[in-house]
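Q: coords below, sequence missing:
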């Protein structure tokens, strides 16, 4: 009865943990789909603090070096500027967010991302933003823009309307203090809502625009020779070896002290961290349960075999082989384990979701504590993506989880029988009978 209970507990935990791990792996695959198989060229924060306001300083020449590598299918290069709306008004928050000076300097400013193409940029690939009208930005666009549907509605703008932007001379990264204007044609509208409480209007998704690179260059009065980029995201071709591409990229003539390449999945680092955390918890749980259950089974088996010394000695005296006796022990344990698996499957079906939710909750709470210790995070588009955690984990018991549980239990049975029975069977029959007496 005790062995049956131990097998039920071990098989239940292993099945449930395996199911949770499988669910986490599915989330990881979904993230890979959202962010694309690729890598990012960006500042190395250990040695390169970036621009005066901490933006990227990636060089266009370095981007072209990596874009031309075999296996790189496409890329998105991003510039970031602050610009004022001309003859249009930004969206505002419901509370006072700017003092008099900041209102005068940045009261009508928007966050502008200049990109060579928008459809495969992480903001759209991840689902944080969705195109709702018009089209995406293309590599050959000049003075085109994508704007938020709320900003468009508030200013009576639509696809085909003109929107003029003006460089904001107060932005610390506007080193030329340019006030150049760029009149863009709106080619698309997108939707998307802030997922975190907003402290100031600059964090509103509605006050984020996307333009082509010619527009951001004009706003800050830079050329293709003097410009810098926030980062560049490179995507691997379907059948290409991503690890090999990254190795080749790392061998290029680039200042690797000030710049680095990172997996594209870092864009959703909060979610990927949760997936890794849940997976590690489940692996630890499986290992601890297996070791503990194995130890219990071993103790019980020692006591069980100790009571069967006389039986074992008699069988050996009658010519029964040691292999047959070991096989009998294994068969007896297997007969106990079979009904345990059936009961465990039913129990694991109920336990798996609760176990997954509990593990995810613990991981998310730990992440929130680390974030609070690290300081205040913004609610803007970039910060929201990196601090977003996995809200839920849908867990279902799979056949592979049951197979894994059977395999683990089978290994435990074989190992325990080998450890407990073989030392006794190495003795001659007479010695075994003497021990029994």
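A: Yes, it's here. Model, not experiment: these values are computed from the prediction.

Q: and for stretch 48-55, what are the contacting residues?
A: Residues from elsewhere that reach stretch 48-55 (Cβ atoms under 8 Å, 6 or more residues apart in numbering): 43, 56, 57, 80, 171, 172, 173, 228, 230, 257, 258, 259. Any C-beta I mention is one placed from the backbone N, CA and C, and that applies to glycine too.

Q: What is the neighbour count of the fifth one?
A: Meaning residue 171. 24 (other Cβ atoms under 10 Å).

Q: ok, it touching residue 110?
A: No: the pair residue 171 / residue 110 is not scored as a contact, 11.4 Å apart, by Cβ atoms under 8 Å.

Q: where does the longest helix seen in the chain sit relative to the chain's centre, distance-wise?
A: In the chain, ranked by residue count with DSSP state H as the criterion, the top helix is helix 322-374. Its chain's C-alpha centre and that of helix 322-374 lie 24 Å apart, by Cα atoms, centre = their mean, to the nearest Å.

Q: what is the mean pLDDT for it?
A: Summarised as a single mean, pLDDT over helix 322-374 is 76.

Q: so what does it touch, helix or strand wise?
A: helix 2-35, helix 269-306, helix 309-317, helix 399-425 (3 or more Cβ pairs under 8 Å, 6 or more residues apart in numbering; DSSP states H and E).

Q: returning to that earlier point: now a PyMOL select for only the buried ones of the contacts of stretch 48-55.
A: In PyMOL, a selection of the buried entries from the contacts of stretch 48-55 looks like this (16 or more other Cβ atoms under 10 Å):
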select buried, resi 43+56+57+80+171+173+228+230+258+259
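
Q: can you list the contacts of stretch 48-55 in CSV and add distance to residue 125 and secondary structure?
A: As requested, the contacts of stretch 48-55 are arranged in CSV below (distance: Cβ to Cβ, whole Å; DSSP: H, G, I helix; E, B strand; the rest coil):
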residue, distance to residue 125, secondary structure
43, 22, strand
56, 19, coil
57, 24, coil
80, 18, strand
171, 28, coil
172, 30, coil
173, 26, coil
228, 24, strand
230, 16, coil
257, 30, coil
258, 27, coil
259, 23, strand
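
Q: Go through the contacts of stretch 48-55 and name the one nearest residue 145.
A: Closest to residue 145 out of the contacts of stretch 48-55 is residue 80 (14.7 Å), distances taken as Cβ to Cβ.

Q: give me the number of residues near residue 88?
A: By other Cβ under 10 Å, the residues close to residue 88 number 19.

Q: right, and it touches residue 153 too?
A: No: using Cβ under 8 Å, residue 88 is not in contact with residue 153; the gap is 11.7 Å.

Q: Which residues are in contact with residue 7?
A: Contacts of residue 7 (Cβ under 8 Å, 6+ apart): 293, 297, 336, 337, 340, 341, 344, 409.

Q: low-scoring stretches of the stretch 201-350 of the chain, by residue?
A: Confidence mapping of the stretch 201-350 of the chain against pLDDT under 70 gives the ranges 266-275, 305-309, 312-313, 316.

Q: For stretch 290-305, buried residues please.
A: 290, 293, 294, 296, 297, 298, 301, 304, 305.

Q: neighbours of residue 73, just the number please.
A: Counted with other Cβ under 10 Å, the neighbours of residue 73 add up to 15.

Q: Parallel or antiparallel, list what pairs with the helix or strand it falls within.
A: When elements are assigned from DSSP states H and E, residue 73 belongs to strand 72-86. Counting by DSSP bridges, the strands paired with strand 72-86 are strand 109-115 (antiparallel), strand 162-167 (antiparallel), strand 231-236 (antiparallel).

Q: I'd like the average pLDDT over that strand.
A: 96.

Q: Numbering from 3 from now on, please.
A: Yes, from this point I'll number from 3; that puts the last item at strand 74-88.

Q: Assumed residue 162 was part of a strand.
A: No: counting by DSSP: H, G, I helix; E, B strand; the rest coil, residue 162 falls outside a strand, being coil.

Q: Please tell me how far it sits from residue 278.
A: 46 Å (Cβ to Cβ, to the nearest Å).

Q: These two: which is more packed in?
A: Neighbours per residue (other Cβ under 10 Å) separate residue 162 from residue 278, with residue 278 holding more: 13 against 9.

Q: Moving C-terminal from the strand holding residue 75, which element do we reach first?
A: Where DSSP H and E defines the elements, the next helix or strand beyond strand 74-88 is helix 102-108.

Q: quick one: that next one to chain centroid distance?
A: Distance, stretch centre to chain centre, for helix 102-108: 38 Å (Cα atoms, centre = their mean).

Q: buried residues in it?
A: Buried residues in helix 102-108, defined by neighbour count with 16+ other Cβ under 10 Å: 107, 108.

Q: ditto for stretch 194-207
A: By neighbour count on 16+ other Cβ under 10 Å, the buried set for stretch 194-207 is 194, 196, 200, 202, 203, 204, 205, 206, 207.

Q: Show me which pair in these is furthest apart.
A: 194 and 202 (17.8 Å).

Q: before we move on, back to that, TSV for the buried residues of stretch 292-307, including distance to residue 25?
A: Formatted as TSV, the buried residues of stretch 292-307 follow (distance: Cβ to Cβ, whole Å):
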residue	distance to residue 25
292	20
295	23
296	26
298	28
299	29
300	32
303	34
306	38
307	40
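
Q: Closest one to residue 361 out of these, please.
A: Nearest to residue 361 among these is residue 292, at 17.3 Å by Cβ to Cβ.

Q: ok, now which ones touch the closest one?
A: By Cβ under 8 Å, 6+ apart, the neighbours of residue 292 are 12, 16, 410, 414.

Q: Go through these and give me the one with the most neighbours.
A: Top of these by neighbour count (other Cβ under 10 Å): residue 16, with 28 neighbours.

Q: ok, now how distant is the closest residue in space to residue 382 that isn't next to it in sequence from residue 175?
A: Spatially, and ignoring its direct neighbours in sequence, residue 382 is nearest to residue 205 (4.4 Å; Cβ to Cβ, 6 or more residues apart in numbering). From residue 205 across to residue 175, the span is 17 Å (Cβ to Cβ).

Q: Can you list the buried residues in the host helix or strand of residue 152?
A: Element membership for residue 152, per DSSP H and E: helix 151-156. Of all the residues in helix 151-156, those buried under the rule 16+ other Cβ under 10 Å are 151, 152, 153, 154.

Q: Make CSV out of those residues and add distance to residue 404 and pLDDT.
A: Shown next, in CSV, are these (distance: Cβ to Cβ, whole Å; pLDDT from 0 to 100):
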residue, distance to residue 404, pLDDT
151, 48, 97
152, 49, 97
153, 53, 97
154, 53, 97
